[in-house]
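Colleague: 3D model of this:
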Amino acid sequence: MITGSSGIGAATARLVVGEGAKVFVASSCAEECERLASELHGGSHISDLAEEVNAIAAVQACVHRFGRIDCLFNVAGSSGQRFGDGPLHQCTAEGWDATMSINARSLFLVSREAVKHMLARDKGGAIVNMASVIAFSPEPTHFATHAYAAGKGAVIALTKSAAAYYAKSKIRINAVAPGLVETPMSKRAQEDPLIQAYMKTKQPLAEGFLSADDVAAAALFLLSDESRHITGEVITIDAGWRLS
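Modeller: Numbering: from 1, shown residues only. Coordinates of the predicted model:
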């Protein structure tokens with residue numbers, strides 16, 4: 001099951017299907033979700049996953065379609081700038097709430113329902129959560145979005161604490177923390193000449209933006225049996241962001 005139907009979510013869905021998996025896509029973007037599910041001959045559920053009833057229904061729909069959930073990739077998330085996220089002294093309460101809801105609440109709700117299913121099935125499972133390099137390597141000039149950073153920090157904390165608790169049940173929980181990736185979410189940055197120039201040195205391995213496939217490959221590894229003894233880890237894919 002993958003939450004998110006564009007960017008990293010779509011790239012990962014295509015990659016896992018290429019490895020023989022069946023995929024179920026859950027997203028609030030109806031056209032994208034249906035198109036991706038149709039392309040990959042998978043299932044889909046269209047709703048706002050930050051609403052509890054929708055998150056429950058999405059997991060139930062996946063189980064109904066395929067009989068089980070072996071892996072979950074929590075990709076769904078977004079910048080909160082349009083809601084009022086920004087530097088702390090400028091961030092609105094509405095911006096904080098909306099950004100935390102999009103990036104942390106939906107992930108919590110879907111993970112909770114997936115873990116319930118995995119525990120009942122008693123066959124283990126793998127969950128990968130979408131964090132961000134911003135959570136632990138801030139960039140104050142162009143990316144001062146403090147609610148977003150806090151939300152991704154919450155994702156990392158949940159990943160580690162849940163990984164510790166569910167290891168005994170053979171449920172592995174890890175996270176990926178990308179740098180700046182060329183996706184629909186980063187459209188504003190892609191169109192900014194200053195950020196484009198900055199990324200050439202901020203992410204020197206890529207000399208610019210990462211591709212969604214770069215992150216999808218790391219997610220595939222953490223979802224697969226090749227990482228069967230890895231849990232509670234945060235893999236950073238940042239092309240040198242932290243070190244530059």
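Colleague: Tell me which helix or strand in this structure has the weakest average pLDDT.
Modeller: When each helix and strand of the chain is scored by mean pLDDT, DSSP states H and E, helix 187-190 comes last, with a mean of 84.
Colleague: got a list of contacts for the helix or strand that that one is followed by?
Modeller: Using DSSP states H and E, the helix or strand that directly follows helix 187-190 along the chain is helix 193-202. Outside of helix 193-202, the residues within contact range by CB atoms under 8 Å, 6 or more residues apart in numbering are 139, 141-142, 179-180, 189-190, 206-209, 240-241, 244. Quick note: C-beta positions are derived from backbone N, CA and C, even for glycine.
Colleague: Can you lay out the residues you listed as CSV showing distance to Ala164 and neighbour count?
Modeller: As requested, the contacts of helix 193-202 are arranged in CSV below (distance: CB to CB, whole Å; neighbours: other CB atoms under 10 Å):
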residue, distance to Ala164, neighbour count
Glu139, 30, 16
Thr141, 36, 9
His142, 35, 15
Gly179, 27, 26
Leu180, 30, 27
Ala189, 35, 19
Gln190, 38, 16
Ala206, 33, 21
Glu207, 38, 11
Gly208, 37, 20
Phe209, 34, 21
Gly240, 30, 14
Trp241, 27, 23
Ser244, 32, 16
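Colleague: Which members of the residues you listed occur in helices, if any?
Modeller: 189-190 (DSSP state H).
Colleague: one step back: dump the least confident helix or strand of the chain to PDB, restricted to CA.
Modeller: Extracted in PDB, the C-alpha atoms of helix 187-190 (Å, rounded to 0.1, in the frame of the first residue of the first chain):
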ATOM      1  CA  LYS A 187       7.400  23.200  -8.200                       C
ATOM      2  CA  ARG A 188       7.900  26.600  -6.600                       C
ATOM      3  CA  ALA A 189      11.600  25.800  -5.900                       C
ATOM      4  CA  GLN A 190      12.100  24.400  -9.400                       C
END
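Colleague: need the helices for this structure, in chain order.
Modeller: 7-18, 30-39, 52-66, 93-100, 106-121, 146-166, 187-190, 193-202, 212-223.
Colleague: is it true that Ala144 touches Gly86?
Modeller: Yes - the criterion here is CB atoms under 8 Å, and Ala144 meets it with Gly86 at 6.3 Å.
Colleague: Can you check which strand is longest in the chain?
Modeller: strand 171-178 (DSSP state E).
Colleague: Report the angle between that strand and helix 212-223.
Modeller: 160 degrees (axes from the mean of the first three to the mean of the last three CA atoms, to 10 degrees).
Colleague: Check what contacts the least confident helix or strand of the chain and list those residues.
Modeller: 79, 81, 142, 180, 182, 195-196, 199, 209.
Colleague: do the same with stretch 161-175
Modeller: Against stretch 161-175 from outside (CB under 8 Å, 6+ apart): 111, 115, 118-119, 122-131, 155-156, 159, 222, 227-228, 230-235.
Colleague: Straight-line length of that stretch, end to end?
Modeller: Separation of the first and last residues of stretch 161-175 by CA to CA, to the nearest Å is 12 Å.
Colleague: and the spatially closest residue to Ala114 that is not a sequence neighbour, bridged to which residues?
Modeller: Excluding the flanking residues, the one nearest Ala114 by CB to CB, 6 or more residues apart in numbering is Leu72, at 4.6 Å. On the basis of DSSP bridges, Leu72 is bridged to Ile127.
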